[in-house]
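> Pasting the sequence and the predicted model now:
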Amino acid sequence: VQLVESGGGLVQPGGSLRLSCAASGFTFSTYAVGWARQVPGKGLEWVSGIYGDGSTYYAESVKGRFTISRDNAKNMVYLQMNSLKPEDTAVYYCATPRDNWSFVDFGYWGQGTQVTVSS
């Protein structure tokens, strides 16, 4: 399994970023994938996820601001992040859950991409 993120960077509060993840090494269309983040001194936390049938999960802290999507033809998953806040600053990882039916534990994750929200 390989997950490669791109699209992080520095953005001002209220701004937007779009993260992309290229997945390979598994039957992408049938598996749940998502985005997690980590700040220094804390563990990984799920931000958003999307199941093979297209249903989605969002953490309460990002509901209404972030949108996850997937393109099964390209083996890609995206995270559109709007109305970004300083507390969204973290390393964002593309990841798969350990179980294919819940975004609780982690299976695989990529190398991460830094998102910094600051003026």
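Arrived safely. Please read all numbers here as calculations on a predicted model, not as lab measurements.
> F66: what's it in contact with?
V47, S48, Y58, L79, Q80, M81, N82 (CB atoms under 8 Å, 6 or more residues apart in numbering). All C-beta atoms are positioned from the backbone trio N, CA, C, and that covers glycine.
> make it 10 Å
With contact set as CB atoms under 10 Å, 6 or more residues apart in numbering, F66 has these partners: 17, 19, 35, 47-48, 56, 58-59, 79-84, 88.
> And Y58, by the same measure?
G34, W46, V47, S48, G49, I50, G64, R65, F66, T67, I68, F103.
> Please identify which of those residues is nearest to N75.
Using CB to CB, I50 comes nearest to N75 of the contacts of Y58, at 13.1 Å.
> I'd say that closest one and A95 touch.
No. At 11.7 Å, I50 does not count as touching A95 under the criterion of CB atoms under 10 Å.
> Tell me the residues that contact both of these two, please.
What both I50 and A95 touch, as defined by CB under 10 Å, 6+ apart, is the set A32, V33, G34, W35, V77, F103.
> still on that earlier bit, looking at I50 and A95, which has the bigger crowd around it?
A95 (27 against 22; other CB atoms under 10 Å).
> Grab the nearest non-local neighbour of that one.
What sits nearest to A95 in space, not counting adjacent residues and going by CB to CB, 6 or more residues apart in numbering, is W109, at 3.9 Å.
> beta partners of the residue nearest the centre of the chain?
Nearest residue to the geometric centre of the chain (CA atoms, centre = their mean): W35, 1.9 Å. Taking DSSP bridges as the rule, W35 bridges to S48, C94.
> which ones are touching it?
5, 19, 21, 46-50, 59, 62, 66, 68, 77-79, 81, 92-95, 103, 109-110, 113.
> Please narrow these to those residing in strands.
When the contacts of W35 are checked against strands (DSSP state E), the matches are 5, 19, 21, 46-50, 66, 68, 77-79, 81, 92-95, 109, 113.
> so where is this protein shaky, pLDDT-wise?
The model of the chain has no residue with pLDDT under 70.
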